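**Q** after the sequence you'll find the predicted model.
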Amino acid sequence: MRRGRGRQKVPTKVLTTIRLDADVIAFFRSLGPGYQSRINDALRRVKEQGLTDGPTSTGRKRVTR
């Protein structure tokens, strides 16, 4: 008996790692299952609206190696 969806014909998502604030993750997780999809949807809306305020600084300096 086969379980799960199996391999995708054309991958539509990219496996990546990002660091998010704990309160942001807690908020999306509190809404129930599917929190990663909701985060993706929220980021997609921001992308489609365009970032008009420009980049914000976290006060950290980027280390180049």
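**A** Cool, the structure landed. Only a predicted model underlies this, so the values are computations on that prediction, with no experimental measurement involved.

**Q** can you mark which positions in the lowest-mean-pLDDT helix or strand in the chain are buried?
**A** Least confident helix or strand, the chain: helix 35-49 with a mean of 95, by mean pLDDT, DSSP states H and E. Buried residues in helix 35-49, counted by 16 or more other CB atoms under 10 Å: residue 39. For every residue, glycine as well, the C-beta is placed using N, CA and C.

**Q** same check, this time on stretch 4-11
**A** Of the residues in stretch 4-11, none are scored as buried under the neighbour-count criterion (16+ other CB under 10 Å).

**Q** start to end distance for that stretch?
**A** The first and last residues of stretch 4-11 sit 16 Å apart, counting by CA to CA, to the nearest Å.

**Q** what's the answer for stretch 20-40, then?
**A** Taking CA to CA, stretch 20-40 runs 13 Å from one end to the other.

**Q** in it, which residues are buried?
**A** 28, 39.

**Q** circling back: by contact count, what packs against the least confident helix or strand of the chain?
**A** Applying 3 or more CB pairs under 8 Å, 6 or more residues apart in numbering; DSSP states H and E, we find helix 35-49 packed against helix 22-30.

**Q** show me what the helix it packs on is packed up against.
**A** Packed against helix 22-30, as judged by 3+ CB pairs under 8 Å, 6+ apart, are the following elements: helix 35-49.
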